[in-house]
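Colleague: sharing a model prediction with you, sequence too.
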Amino acid sequence: MRIEPVCRIGALLLCIGAVFHAVAGMHAAEQQKPLAKPTLQAQCGAAFQDNAVLQQKIPLPVWGRSLPKARVTVTLAAQTKTTVADKDGAWRVVLDPMKAVKLTSVNEAPKGETMVIACELNGERAVKRIKNILIGEVWLCAGQSNMAGKLRTNKTRHFPEDTIEKADYPALRQMLAGQEQPWLVCTPRTAPEFKKVCFFFARRLQRDILVPVGVISAARGGSRIETWLNRAPFDRGANYQSMIAPIVGYGLRGAIWYQGESNAKDGREYLPKLRSLILGWRDAWKQPDSGADDGPRGRFSFYFVQLPGIGTSPADNPAGGDGRAEIRNAQFEALAIPNTGMSVAIDVGDVREHPPNKYDTGVRLARWALHRDYGFKKLLPSGPLYKDHVIEGGAIRVRFNHAGSGLMLAKKDGFLPPRPTPDAKLAWLSIQDKSGAWHWAEGKIDGAELIVSRKEVKQPIAVRYGYTNHPVGSLLYNKEGLPAGPFSTNGYGK
């Protein structure tokens, strides 16, 4: 991966931003909403609501406000923790790690626990009860409109037609960040209110791991990544302030991210911003490692969607680089950040901004989590991703990670599995000659590798595949049915 130039840019930006870090912090503080007047009865952090899911296998912070110097006792299951509110009324306790109850099926309704928070001061006592709490797996789902879209109905067949009717999942729950409301329990009646990507991601997880799953939705249509940042050299963004900051510290297994449409023109400059977001959120959480081989990590997992196609692509530009090509390359390079993964969506695009197929997008994100976080090592997390290449005379042999049992050509129709097209030609494949000129090329599949050539190009130096706004037709997949990510062997070069 060619990441060094962008890394140098990112490092320079970080140095410049350090000068303004304190000012940015003060600016963010000024944007905070005034705190409500404290009462003796506990006012808990935003995520502590009825029907909540708490992350298993890690120490769990619980926090809120009461009156200054009030004695606060938190009881959940067999645990009791006590503290004293500070001079501003703020309090915090940390519950010992707990384990989720294994479900017998996704339709099981496990018995929830009640968290009791008693606050005492000067002989008076006030009790708050948070009901129907489950211990399980919690994921933060953030981004812009493609992450915010709801299931609603399926009149246009955007996902399997019985999805909503079968959505009786009492241990699958959703919380909306920025709204202090009970978590939504998934039923056929409430399922239309679930965010599509969140739902398909969580449903696949729950099907395989059989424990309660909670998703926290923090998404806003049209938002730029800058509005979600909390780390120098960028100011603290408004969406971070309103949706992320109130839940910082709530136990997580990880986060999924679908954003970039509003930053598509950034191209390669999206990489330092995405790096800032991932590292900044992890720094803010300060989540400790669970200490268990199968437990959450302090640098929690972060999986993101590589932007799908949109509009059309020119058929007379083998060099590519148009539209979203560069930002996709920046997203690919972000895989160098530890504990990250990328859901390739190049085959589920649309001429419009909101591709209808969010089913595959959510499931592909879930594959990363199942493989990396839940021990499903035999499950491929991704389609083929460019690894390296070798020049062999007049051809270039391209090798991939996650090629699985081999490569194939296939065509995708909606949410249906890709249909193999062995007699088709691999389009959107180009080769560069030693003069720097690009030409459309032929691709030959050799097991898990791709051999690229063009008769007229005797001394090739680089290859590009799908490096354009919206490649369509028969595309490259592994035989497990997952699409290859677009790639450019010479990075952002001409």
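Modeller: Received, thanks.

Colleague: can you list the residue ranges for helices in this structure?
Modeller: 4-31, 145-148, 196-209, 238-239, 270-285, 325-333, 359-373 (DSSP state H).

Colleague: so for the nearest residue to residue 199 once chain neighbours are set aside, what's the pLDDT?
Modeller: Once flanking residues are discounted, residue 199 sits nearest to residue 151: 5.9 Å by Cβ to Cβ, 6 or more residues apart in numbering. Quick note: C-beta positions are derived from backbone N, CA and C, even for glycine. Listed pLDDT for residue 151 reads 95.

Colleague: quick one: low-confidence residue ranges for the protein.
Modeller: 1-35 (pLDDT under 70).

Colleague: recalculate using a threshold of 50.
Modeller: Along the chain, the parts satisfying pLDDT under 50 run over 1-32.

Colleague: wait, doesn't residue 52 sit right on residue 181?
Modeller: No: using Cβ atoms under 8 Å, residue 52 makes no contact with residue 181, being 11.1 Å away.

Colleague: who touches both of those two?
Modeller: Taking Cβ atoms under 8 Å, 6 or more residues apart in numbering as the criterion, residue 52 and residue 181 both touch residue 175.

Colleague: higher neighbour count, these two?
Modeller: Neighbour tally, residue 52 and residue 181, criterion other Cβ atoms under 10 Å: the higher count belongs to residue 52, 25 against 12.

Colleague: show me the contacts for that one.
Modeller: Applying Cβ under 8 Å, 6+ apart, the residues contacting residue 52 are 130, 133-134, 173, 175, 183, 214.

Colleague: can you do 7 Å?
Modeller: Contact analysis of residue 52 by Cβ atoms under 7 Å, 6 or more residues apart in numbering lists 130, 133, 183, 214.

Colleague: check residue 340 too.
Modeller: 278, 302-303, 334.

Colleague: I'd like those residues as JSON lines, with distance to residue 114 appended.
Modeller: Below are the contacts of residue 340 laid out as JSON lines (distance: Cβ to Cβ, whole Å):
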{"residue": "278", "distance to residue 114": "35"}
{"residue": "302", "distance to residue 114": "33"}
{"residue": "303", "distance to residue 114": "33"}
{"residue": "334", "distance to residue 114": "41"}
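
Colleague: these two touch, right, the residue nearest to residue 199 and residue 198?
Modeller: No: counting by Cβ atoms under 7 Å, residue 151 does not reach residue 198; the two are 9.5 Å apart.

Colleague: with the contacts of residue 340 in mind, which one is nearest to residue 236?
Modeller: residue 278 (15.8 Å; Cβ to Cβ).

Colleague: measure that closest one to residue 344 for me?
Modeller: From residue 278 across to residue 344, the span is 18 Å (Cβ to Cβ, to the nearest Å).

Colleague: and for residue 470?
Modeller: Plainly put, residue 470 is 14 Å away from residue 344 if you go by Cβ to Cβ.

Colleague: ok, these two, which is more surrounded?
Modeller: Neighbour count, other Cβ under 10 Å: between residue 470 and residue 344, residue 344 has more, with 28 against 19.

Colleague: wait, the more buried one touches residue 485, no?
Modeller: Yes: using Cβ under 7 Å, residue 344 is in contact with residue 485, at 4.5 Å.
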